[in-house]
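Student: The sequence and its predicted three-dimensional model are supplied below.
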Amino acid sequence: MGIVLEVCVDTAEGLAQAVAGGADRIELCAALSVGGLTPSAGLIAVAARCGVPVVAMIRPRAGDFVWPEAEVAMMEVEIAAIRAAGLAGVVLGASLPDGRLDVPVLRRLVAAAQGDRFLQRNRTGAFEGSEPEFSKIPGAFDLVLHRCIDLVPDMGAALEEAVGLGFQRILTSGGESTAAAGAARIAELVQQAAGRITVMPGSGVNPGNAALLKGLGITEVHASCSASRAVTGRVVELGFAPSIWRQTDAEAVRALRAALE
């Protein structure tokens, strides 16, 4: 089999472009301009019908990955909603203030993703009440550790923690701003993983560096495959949109797909 191409999208149009271009899997987000946040319920519903496996980002806000209790509880609810929607998995992470993985918080989130926690509902489907009813959401689920691993002081130790927690994949740029810059570290992680977990390069992946990344022994890559579009008019003047908008483009997906083959 060839290298699996995962494409990250944050709009319905970007999703359609990624599927049309031949993406093997979708990472579904909101706000890719800040690294991706949890997508909306509407976008999740559209993605569930796209015909390609979809994993969803679980990240309630921009910034670091140090989560207080309220945000951990939010993420558990979001994971339950993703499971209920029938998507293929979730992409998540959690850090300690010093950058190490927050293993206790990750253990909670992994438990939620694996269905070991329960979805609190009343009869209308709302979340409320001190004595909740619970309904377990069955099914296997992909677990992906996101680029919080690029902040850790010891990536080898973090990889072992990810394996122990039950993650199937790690998304990483090798601790650098781009996967190409972190290629040497990515190669080390691939060798250390030895098939126990997939190390998936992401950040700045494009047809120009596809050959370099293929040479690292990888089996999957992650990219936005986006194109820039100028935005003008009142929506920019009033702060509703940036002057340059980037969105996944089917031709860019095809170009990366061809470079990987």
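Tutor: Right, received. Where do you want to start?
Student: for the protein, what are the low-confidence residue spans?
Tutor: 1, 116-139, 231 (pLDDT under 70).
Student: hey, what's L37 bridged with?
Tutor: Counting by DSSP bridges, L37 forms beta bridges with A30.
Student: Quick check, it in contact with R61.
Tutor: Yes - at 6.9 Å, L37 counts as touching R61 under the criterion of Cβ atoms under 8 Å. (C-beta placed from N, C-alpha, C; glycine too.)
Student: May I see the buried residues of whichever strand or helix holds A255?
Tutor: Per DSSP states H and E: A255 is located in helix 250-260. For helix 250-260, burial by neighbour count (16 or more other Cβ atoms under 10 Å) applies to A250, A252, V253, R254, A255, L256, R257, A259, L260.
Student: Skipping its backbone neighbours, what lies nearest the second one in space?
Tutor: The spatially closest residue to A252, leaving aside those adjacent along the chain, is C225, at 4.0 Å (Cβ to Cβ, 6 or more residues apart in numbering).
Student: ok, now which ones touch that neighbour?
Tutor: Residues in contact with C225, defined by Cβ atoms under 8 Å, 6 or more residues apart in numbering, are V7, A18, G21, A23, T248, D249, A252, V253, A255, L256.
Student: Could I get those residues in a markdown table, plus columns for distance to A187?
Tutor: As requested, the contacts of C225 are exported to a markdown table (distance: Cβ to Cβ, whole Å):
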| residue | distance to A187 |
| --- | --- |
| V7 | 23 |
| A18 | 27 |
| G21 | 28 |
| A23 | 25 |
| T248 | 28 |
| D249 | 29 |
| A252 | 26 |
| V253 | 25 |
| A255 | 24 |
| L256 | 20 |
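Student: Quickly name whichever of those is closest to L165.
Tutor: V7 (25.5 Å; Cβ to Cβ).
Student: R229 touches I244, doesn't it?
Tutor: Yes - the pair R229 / I244 is scored as a contact, 7.3 Å apart, by Cβ under 8 Å.
Student: Now do E13 against A250, distance only.
Tutor: Distance of E13 to A250, given as Cβ to Cβ, to the nearest Å: 10 Å.
Student: still on that earlier bit, tell me the one among the buried residues of helix 250-260 nearest to Q192.
Tutor: For the buried residues of helix 250-260, the nearest to Q192 is L260 (23.1 Å; Cβ to Cβ).
Student: Wait, a helix at V144?
Tutor: No - counting by DSSP: H, G, I helix; E, B strand; the rest coil, V144 is located in no helix; its state is strand.
Student: Dig out what the nearest residue to S226 once chain neighbours are set aside forms beta bridges with.
Tutor: Leaving aside its chain neighbours, S226 sits nearest to R246 (4.3 Å; criterion: Cβ to Cβ, 6+ apart). Assessed by DSSP bridges, R246 has beta-bridge partners S228.
Student: R246 contacts S228, doesn't it?
Tutor: Yes - at 5.4 Å, R246 counts as touching S228 under the criterion of Cβ under 8 Å.
Student: When these two are compared, which one has more neighbours?
Tutor: R246 (15 against 10; other Cβ atoms under 10 Å).
Student: Correct me if wrong: A20 contacts A250.
Tutor: Yes - the pair A20 / A250 is scored as a contact, 4.3 Å apart, by Cβ under 8 Å.
Student: Just want to know which of L37 and R61 has more residues nearby.
Tutor: L37 (18 against 13).
Student: which residues of the protein fall in strands?
Tutor: Assigned by DSSP state E, the chain shows strands spanning 4-9, 25-28, 54-57, 89-92, 119-121, 133-135, 142-145, 169-172, 198-201, 220-223, 226-230, 244-248.
Student: could you dump these to CSV with distance to L106?
Tutor: Output for the strands of the chain, formatted as CSV (distance: least, Cβ to Cβ, whole Å):
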stretch, distance to L106
strand 4-9, 21
strand 25-28, 18
strand 54-57, 15
strand 89-92, 8
strand 119-121, 20
strand 133-135, 22
strand 142-145, 8
strand 169-172, 12
strand 198-201, 17
strand 220-223, 20
strand 226-230, 29
strand 244-248, 29
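Student: Cool, thanks, talk later.
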